[in-house]
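Participant: have a look at this fold, sequence not included:
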């Protein structure tokens, strides 16, 4: 396992092109995500990072180019297709149903039914089973302070709500978890909680794509940093080899990176989970 | 001139954290929104009884349940729609249209009772499906769609019935089944009808379904935040359509209850059913903004409206006071809902 060069990417995007009318969103964009790593995607507004991520999460379909999951080419028509491949996304808008409880939110759209007659004929939900799993899931991500899984999500703080979203993604994202600006709406302490959850997920071997504007956070948790500029990849750097100023310079175009250096192989030995 | 010291600030924060009785009450209301209409109902029953002892007579209480049965049944459909953050102004018109189809096919085409009943259900379902189609496919707001279909269904009923009432004696052999829900039964000292039982069964059924099935959770999620529901993989339009469709069938059952209660089918009964059903839902603690509320609350709301109307009459007050009282109840309920929604841990 120590031979990093033999590691194959979990997710690979090759030459993605996406236009919106006359606006070019992606101009032959590439991306690789390797097992067990945190890949941060940074870029100025309009650099195409959201579009790139939406293509991978199924929310957008690229005009041309390939997306490969475990070296198998896929074509996602909707985010439901991407989910079927174990790709889960956490949105910055705290996509939860506020009036429903924690357990219901965790299983929203994927409810567990009771076994036997009650479940198959009357389609009765397995409330206690879902609550137990929800509790385990929250504890696993270090949010053990929430005791009551039948508590409505709107009674939680912003950080706790985001924790519910992350827990949901972690529970069902068998392959990749994508976090789109997960800390944008949160305070410092709550952001740190989310960063800790990201590290916990990575340590259990789940690869993560993190989109963020927050440089200190990116440099804190990322293994590799994908810098997106003008619709394609300008460089991939690491927190060890580059400073935040370098990253910003690449982002704005002040620092050019040679084409042959724009890709960077895996830097982390995946955790064997 | 005293500047706030650290201890003052700490005291203030501690005060904020202290969970007083108000906090617990707020949380209880948040979890069980039917508590407040329940308390009002209890108080109303006590006060009306003290004003006029005849109010407490079993015969009077039985009468109230029968008076409530039609609007109570209609309010089941209205609750489902309002939980999705919609509103249905056509509920009364759909119930009346379905009841006219049941009675007229039996009376004039000689359709056997059970089949006439099924035809009525089919018309109710079709009316609900039309509302659902216009809302989900043409993306029109529920208020506008059902305002339009209210007029359409009312006009269709009048045209179809040629403005005439169909009495029980014209229904022939089908009268037995069409009027069946008007059959009185004795429960203890209470004299209720099968129609009341049917209404209560619908509350029990939909209460269970909302709480215990994925569909029920999705109804709440769609009403709460359709964007979030969609991101969670819920097919929002399918849920909305199913709510209007199921609502249409419930309304046909309400039409059936109405034939039994009135003893005939008339195109002009239930003129106030739309607003009364919305009133029952809102008083019962269901939020007009969607996503929160219970069937049980609506049942309490419907009974409360029945109790207030009956009690004010027995207290010797004019009908106008009933309208006044219900208006106040609606405004207080919505104000309370706004407060309940602000809950934080």
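Facilitator: Right, received. Where do you want to start? Because the structure is a prediction, the values reported are computed rather than measured.
Participant: and residue 41, how many residues sit next to it?
Facilitator: In the absence of a named chain, chain A is used. Close neighbours of residue A:41, defined as other C-beta atoms under 10 Å in any protein chain shown, add up to 27. From N, CA and C alone the C-beta is placed, and that goes for glycine too.
Participant: wrong chain, I was asking about chain B
Facilitator: As a burial measure, residue B:41 scores 21 neighbours (other C-beta under 10 Å).
Participant: who are the neighbours in contact with residue B:245?
Facilitator: Counting by C-beta atoms under 8 Å, 6 or more residues apart in numbering or on different chains, residue B:245 makes contact with B:125, B:128, B:129, B:132.
Participant: now the buried members of the residues you listed.
Facilitator: Buried subset of the contacts of residue B:245 (neighbour count, 16 or more other C-beta atoms under 10 Å in any protein chain shown): B:125, B:128, B:132.
Participant: for chain B, give me its nearest residue in the stretch 151-273 of chain A.
Facilitator: Nearest residue of the stretch 151-273 of chain A to chain B: residue A:155, at 4.3 Å (C-beta to the nearest C-beta).
Participant: I'd say that residue and residue B:30 touch.
Facilitator: Yes - Residue A:155 lies in contact with residue B:30 (C-beta atoms under 8 Å); the separation is 7.4 Å.
Participant: from the chain's centre, how far out does stretch A:235-255 sit?
Facilitator: Relative to the chain's own centre, stretch A:235-255 is displaced by 22 Å; criterion: C-alpha atoms, centre = their mean, to the nearest Å.
Participant: tell me the secondary structure for the residue of chain B found nearest chain A?
Facilitator: Closest residue of chain B to chain A, C-beta to the nearest C-beta: residue B:233 (3.6 Å). Following DSSP: H, G, I helix; E, B strand; the rest coil, residue B:233 is assigned to coil.
Participant: got the residues of the stretch 101-250 of chain B near chain A?
Facilitator: B:212-215, B:217-218, B:220-221, B:224-225, B:227-229, B:231-234 (C-beta under 8 Å from any C-beta of the partner chain).
Participant: try 10 Å this time
Facilitator: B:208-209, B:211-218, B:220-235 (C-beta under 10 Å from any C-beta of the partner chain).
Participant: phi and psi next, for residue B:215.
Facilitator: Residue B:215 adopts backbone torsions of phi -60, psi -40, taken as degrees, to the nearest 10.
Participant: do the same with residue A:69
Facilitator: Per degrees, to the nearest 10, the backbone of residue A:69 is at phi -110, psi 120.
Participant: poorly predicted segments of the stretch 1-150 of chain A, please.
Facilitator: Applying pLDDT under 70 to the stretch 1-150 of chain A flags the ranges A:1-3, A:94.
Participant: ok, the closest residue to chain B within it - contacts?
Facilitator: Nearest to chain B in the stretch 1-150 of chain A, going by C-beta to the nearest C-beta, is residue A:109, at a distance of 3.6 Å. When contacts are counted by C-beta atoms under 10 Å, 6 or more residues apart in numbering or on different chains, residue A:109 touches A:80, A:83, A:168, A:172, B:214, B:217-218, B:221, B:229-235.
Participant: of the residues you listed, buried ones?
Facilitator: For those, a burial check counting by 16+ other C-beta under 10 Å picks out A:83, A:168, A:172, B:214, B:217, B:218, B:221, B:229, B:230, B:231, B:232, B:234.
Participant: so what's the residue nearest in space to the middle of chain A bridging to?
Facilitator: Nearest to the mean C-alpha position of chain A, by C-alpha atoms, centre = their mean, lies residue A:178 at 1.1 Å. Beta bridges link residue A:178 to residue A:89, residue A:209 when assigned by DSSP bridges.
Participant: so it touches residue A:88, yeah?
Facilitator: Yes - look at residue A:178 against residue A:88 with C-beta atoms under 10 Å: they come within range, at 7.1 Å.
Participant: shared neighbours, the two?
Facilitator: Joint contacts of residue A:178 and residue A:88 (C-beta under 10 Å, 6+ apart) are A:57, A:82, A:169.
Participant: just send those residues back as a markdown table, with neighbour count, distance to chain B and secondary structure too.
Facilitator: Output for the shared contacts of residue A:178 and residue A:88, formatted as a markdown table (neighbours: other C-beta atoms under 10 Å in any protein chain shown; distance: C-beta to the nearest C-beta, whole Å; DSSP: H, G, I helix; E, B strand; the rest coil):
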| residue | neighbour count | distance to chain B | secondary structure |
| --- | --- | --- | --- |
| A:57 | 22 | 10 | helix |
| A:82 | 26 | 11 | helix |
| A:169 | 25 | 11 | helix |
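Participant: which stretches of the stretch 51-200 of chain B form helices?
Facilitator: B:58-83, B:91-108, B:113-136, B:142-161, B:175-178, B:194-212 (DSSP state H, counting those that start in this stretch).
Participant: could you check stretch A:175-188 and say which residues are buried?
Facilitator: Buried-residue list, stretch A:175-188, by 16+ other C-beta under 10 Å: A:175, A:176, A:177, A:178, A:179, A:180, A:181, A:182, A:183, A:184, A:186.
Participant: correction: stretch A:89-97
Facilitator: A:89, A:90, A:91, A:92, A:94, A:95, A:96, A:97.
Participant: list the contacts for the most far-flung residue of chain A relative to its centre?
Facilitator: Most distant residue from the mean C-alpha position of chain A: residue A:117, 37.8 Å away (C-alpha atoms, centre = their mean). When contacts are counted by C-beta under 10 Å, 6+ apart, residue A:117 touches residue A:124.
Participant: over to it: give its phi and psi.
Facilitator: With angles defined as degrees, to the nearest 10, residue A:117 sits at phi -60, psi -50.
Participant: ok, now residue A:11?
Facilitator: phi -120, psi 130.
Participant: one more: the one 5 residues further on?
Facilitator: Residue A:16 adopts backbone torsions of phi -70, psi 130, taken as degrees, to the nearest 10.
Participant: quick check: it touching residue A:30?
Facilitator: Yes - between residue A:16 and residue A:30 there is a contact at 7.6 Å, judged by C-beta under 10 Å.
Participant: more neighbours: those two, which one.
Facilitator: More neighbours surround residue A:16 than the other of residue A:16 and residue A:30, with 26 against 19 (other C-beta under 10 Å).
Participant: who's in contact with residue 222?
Facilitator: Just going to use chain A. Per C-beta under 10 Å, 6+ apart, neighbours of residue A:222: A:37-42, A:198, A:202, A:208-210, A:212, A:237-239.
Participant: was after chain B, sorry
Facilitator: By C-beta under 10 Å, 6+ apart, the residues touching residue B:222 are A:97, B:83-86, B:228-230, B:234-240, B:243, B:290-291.
Participant: now do residue B:278
Facilitator: Residue B:278 is in contact with B:74-75, B:78-79, B:81-82, B:87-89, B:91, B:286, B:288, B:301, B:330, counting by C-beta under 10 Å, 6+ apart.
Participant: can you give me the helices in the stretch 51-200 of chain A?
Facilitator: Ranges of helices within the stretch 51-200 of chain A are A:79-84, A:102-106, A:117-120, A:127-140, A:158-172, A:188-203, based on DSSP H, counting those that start in this stretch.
Participant: just how off-centre is the third one within its chain?
Facilitator: Meaning helix A:117-120. Worked out by C-alpha atoms, centre = their mean, helix A:117-120 lies 35 Å from the chain centre.
Participant: one more: the longest one?
Facilitator: For helix A:188-203, the distance between its averaged C-alpha position and the chain's averaged C-alpha position is 13 Å (C-alpha atoms, centre = their mean).
Participant: low-confidence stretches in chain B?
Facilitator: Within chain B, the ranges that satisfy pLDDT under 70 run B:1-19, B:343-345.
Participant: so for it, the centremost residue is which one?
Facilitator: residue B:75 (1.5 Å).
Participant: residues contacting it?
Facilitator: Here residue B:75 is in contact with B:68, B:82, B:91, B:199, B:202-203, B:250, B:254, B:273, B:276-281, B:283-284, B:286, B:295, B:298-299, B:301-302, B:305 (C-beta under 10 Å, 6+ apart).
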